[in-house]
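Visitor: sequence first, predicted model second:
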Amino acid sequence: MADAFHGDALRSGHEPLDAVLGGGLPANGISVIMGLPGTGKTIIAQQYAFHNGRPDRPVVYFSTLSEPLEKIVRFGQTLEFFDASVIGTSVFYEDLGGTVNSDGLAGVADQITLVLKERQPGLIVIDSFKALQPFAEGEAAFRRFLYDLAGRLTAFPAACLWVGEYETADIAMLPEFAVADAIIDLATERLGSQREIRFLHVRKMRGGGFLSGRHAYRLGRSGLHVFPRLADVPPDGSYRIGDQRLPSGLPGLDEMLDGGFWPGTTTLVAGPSGAGKTLMGLHFLLAGAAHGEMGVMATLQENPIQLQLMRRQLGWAADNRAIEVMYRSPVDIYLDEWVSDLLRTVDRSGARRVMVDSLADLRMAVPDETRFREFMYSLSQRFSRQGVSMLMTLEIPELFGPQALSDFAVSHLSDNVVVLRYYTDHGSVRRAISVLKTRASRHESSTRQYRISSDGIVIGDPVELTGHAAR
């Protein structure tokens with residue numbers, strides 16, 4: 001708690017949120033936390049209260065007429081950060097509901113002033129501030145109340161959180177937003193017919209270098225957890241990458257790539273179901289492990305039990321610690337949470353190779369195409385600067401060759417594009433592999449046939465796919 005106030009910033013106790021806010025909320029300013037019911041406004045307000053309260057600079061939490069004070073406290077007791085031992089010393093709960101009913105807004109201002117003088121708080125929370133507006137005798141009267149209250153609050157060195165069930169349109173219409181030094185918007189957005197995703201958006205921050213855009217967050221007993229939006233900003237200077245090619249794990253593919261992949265590049269492996277995309281990614285990781293490179297398999301496709309079968313097939317020992325599996329279910333996935341986990345895993349393990357399986361599942365977690373393209377660009381650029389090579393799989397519906405690879409807007413972001421397909425030969429279905437693209441490098445233009453054996457993928461000789469042989 002002693003470090004809650006950092007310079008001119010009010011900390012939340014959750015580092016990712018403080019990073020989004022450019023260090024924190026204004027320590028001596030008024031911040032509005034807005035959102036519809038159920039978005040977590042009271043949770044984040046209590047999170048700030050218990051992180052910042054201390055005996056010499058306590059927190060005063062005012063309830064109004066939105067929810068009874070007893071209900072706010074009872075709900076707070078279900079949260080992990082709620083500490084009953086500091087109630088009455090570091091955190092005080094006060095009810096403004098009775099005052100506003102009996103004495104109106106003038107009584108509210110007087111009660112707040114009295115508490116300020118008696119408690120000398122470092123933080124004041126008013127929940128809900130919007131519930132006070134109906135008690136004003138018109139818009140002009142409410143503006144006068146706001147002007148008077150803001151003047152009283154700024155006379156004391158305290159931060160203020162005004163919590164309210166505001167909508168986006170209210171920002172341009174209601175006077176409290178003009179008074180506010182910071183505006184934090186919490187919203188829930190429906191994704192498809194079954195899923196919802198929560199976003200935090202900093203609408204205003206006076207003098208702050210906050211992170212723009214919408215940032216996904218989750219609510220739980222430990223409070224609000226935000227996952228900062230991945231948005232790559234090009235570095236001022238240049239960076240170096242290795243000058244020796246990396247083996248793909250498949251000698252035939254290395255020949256097609258003129259010696260393998262350049263380090264720090266992004267490779268897209270596209271193909272229909274059952275063509276061996278995941279298997280090719282495992283070859284890529286195992287080749288790195290054989291050369292002393294740590295690898296991460298970030299999969300939304302194969303669960304740990306399914307991976308055991310592939311592991312036995314490729315001779316991947318169960319105790320091989322050079323490859324870490326990060327399995328996440330594609331159900332209810334948050335893209336920013338997933339990439340936050342991936343970046344932490346890569347940093348912690350020192351991985352130099354990453355396999356992402358698969359892009360189709362990640363795309364389902366993003367509300368719009370522009371955000372997905374931005375995300376893929378940022379991830380590939382981040383890994384490139386770190387010298388981390390990434391291989392991504394993408395399932396395409398066409399069995400006998402793709403009609404287009406631009407649906408997911410990732411082919412042009414990839415340094416290498418490898419396509420797997422089926423073809424028929426004398427009544428038998430066979431597999432073929434082509435390299436469509438390698439950035440800053442030559443590659444073999446021919447298509448080769450390959451088979452999946454007990455040792456994995458084995459790439460053979462070139463095959464001509466023309467006429468009836470292509471289907």
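Guide: Sure, I can see it.
Visitor: so, low pLDDT: which residues of the chain?
Guide: The model of the chain has pLDDT under 70 over residues 1-7, 192-193, 233-242, 311-320, 401-409, 466-471.
Visitor: in it, which spans are helices?
Guide: Along the chain, the stretches classed as helices by DSSP state H are 15-20, 41-52, 69-76, 97-119, 139-154, 176-179, 251-256, 277-290, 304-314, 335-349, 359-363, 369-386.
Visitor: out of the ones you listed, the one nearest residue 434 is which?
Guide: Smallest distance to residue 434 across the helices of the chain (Cβ to Cβ): 8.3 Å, for helix 251-256. C-betas here are computed from N, CA, C, even on glycine.
Visitor: how is the chain divided into domains?
Guide: According to automatic domain parsing, the chain is divided into the following domains: 5-227, 251-470.
Visitor: out of the ones you listed, the one nearest residue 245 is which?
Guide: When these are compared for distance to residue 245 using Cβ to Cβ, the nearest one is domain 251-470, at 3.8 Å.
Visitor: how far out from the middle of the chain is the closest one?
Guide: 23 Å (Cα atoms, centre = their mean, to the nearest Å).
Visitor: which ones are touching residue 323?
Guide: Each residue near residue 323 by Cβ atoms under 8 Å, 6 or more residues apart in numbering is listed here: 285-286, 289, 294-297, 316.
Visitor: now the nearest residue to it once chain neighbours are set aside: how far from residue 465?
Guide: Distance criterion Cβ to Cβ, 6 or more residues apart in numbering; nearest residue to residue 323, sequence neighbours excluded, is residue 295 at 4.7 Å. Going from residue 295 to residue 465 by Cβ to Cβ, to the nearest Å gives 32 Å.
Visitor: okay, the two: which has more neighbours?
Guide: The neighbour comparison of residue 295 against residue 465 (other Cβ atoms under 10 Å) goes to residue 295, with 27 against 19.
Visitor: does the more buried one touch residue 350 like I think?
Guide: No - Residue 295 is beyond contact range of residue 350, at 10.3 Å (criterion: Cβ atoms under 8 Å).
Visitor: before we move on, back to that, what residues are up against the residue nearest to residue 323?
Guide: Contacts of residue 295 by Cβ under 8 Å, 6+ apart are 284-285, 288-289, 322-324, 351-355.
Visitor: among the residues you listed, which pair sits farthest apart?
Guide: Greatest spatial distance among the contacts of residue 295 (Cβ to Cβ): 284 and 324, at 14.4 Å.
Visitor: who's more crowded, those two?
Guide: residue 284 (26 against 17).
Visitor: once you drop chain neighbours, what's closest to residue 44?
Guide: Leaving aside its sequence neighbours, residue 44 sits nearest to residue 224 (Cβ to Cβ, 6+ apart; 4.7 Å).
Visitor: show me what contacts that neighbour?
Guide: Neighbour list for residue 224: 14, 17, 40, 43-44, 47, 200, 217-218 [criterion: Cβ under 8 Å, 6+ apart].
Visitor: partner residues bridging it?
Guide: On the basis of DSSP bridges, residue 224 is bridged to residue 219.
Visitor: from residue 395, how far out is it?
Guide: Using Cβ to Cβ, residue 224 is found at 35 Å from residue 395.
Visitor: equivalent analysis for residue 306, please.
Guide: Residue 306 is 16 Å from residue 395, where distance means Cβ to Cβ.
Visitor: more crowded one of the two?
Guide: More crowded of residue 306 and residue 395, by other Cβ under 10 Å: residue 395, with 17 against 13.
Visitor: so the more buried one makes contact with residue 276?
Guide: No - with contact defined as Cβ under 8 Å, residue 395 does not reach residue 276; the gap is 11.7 Å.
Visitor: would you map the strands across the stretch 351-471 of the chain?
Guide: For the stretch 351-471 of the chain, strands defined by DSSP state E, counting those that start in this stretch occupy the ranges 353-357, 389-395, 416-425, 428-438, 448-453, 456-462.
Visitor: make CSV from the domains of the chain and add distance to residue 244 to it.
Guide: Listed next are the domains of the chain as CSV, based on distance: least, Cβ to Cβ, whole Å:
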stretch, distance to residue 244
domain 5-227, 35
domain 251-470, 7
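Visitor: quick one: end-to-end length of stretch 49-57, please.
Guide: End-to-end distance for stretch 49-57: 11 Å, by Cα to Cα, to the nearest Å.
Visitor: what lies in contact with that stretch?
Guide: Stretch 49-57 is contacted from outside by 1-2, 4-5, 10-13, 59, 61, 81-83, 86, 89-91, 120-123, 125, 159, using Cβ under 8 Å, 6+ apart.
Visitor: cool, stretch 379-390 as well?
Guide: Here stretch 379-390 makes contact (Cβ under 8 Å, 6+ apart) with 230, 232, 234-235, 239, 241-242, 246, 261, 263-267, 288, 339, 343, 346, 351-356, 413-414.
Visitor: and the residues you listed, which are buried?
Guide: Buried residues within these, counting neighbours by 16 or more other Cβ atoms under 10 Å: 230, 246, 261, 263-267, 288, 339, 343, 346, 351-356, 413-414.
Visitor: name only those of the contacts of stretch 49-57 that count as buried.
Guide: Buried members of those, scored by 16+ other Cβ under 10 Å, are 1, 4-5, 10-13, 59, 61, 81-82, 86, 90-91, 121-123, 125, 159.
Visitor: okay, and which of these map to strands?
Guide: The strands, defined by DSSP state E, take in 5, 10, 59, 61, 91, 123, 125, 159 from these.
Visitor: if we ignore the residues flanking it in sequence, what's nearest residue 277?
Guide: Closest residue in space to residue 277, ignoring its immediate chain neighbours: residue 393 at 4.0 Å, by Cβ to Cβ, 6+ apart.
Visitor: what pairs with the one you found across the strands?
Guide: Counting by DSSP bridges, residue 393 is bridged to residue 269.
Visitor: can I assume it is in contact with residue 354?
Guide: No - assessed by Cβ under 8 Å, residue 393 is found out of contact with residue 354, at 12.0 Å.
Visitor: distance of residue 390 relative to residue 377?
Guide: Residue 390 sits 12 Å away from residue 377, going by Cβ to Cβ.
Visitor: show me what contacts residue 225?
Guide: Taking Cβ under 8 Å, 6+ apart as the test, what residue 225 contacts is 14, 16, 217-219.
Visitor: picking up where we left off before, nearest to residue 252, of the strands of the stretch 351-471 of the chain?
Guide: Closest to residue 252 of the strands of the stretch 351-471 of the chain is strand 456-462 (Cβ to Cβ; 2.7 Å).
Visitor: residue contacts, residue 47?
Guide: Taking Cβ under 8 Å, 6+ apart as the criterion, residue 47 is in contact with 12-14, 79, 81, 223-224.
Visitor: check the burial of the nearest residue to residue 260 once chain neighbours are set aside by counting its neighbours.
Guide: What sits nearest to residue 260 in space, not counting adjacent residues and going by Cβ to Cβ, 6+ apart, is residue 245, at 3.8 Å. By other Cβ under 10 Å, 16 other residues sit near residue 245.
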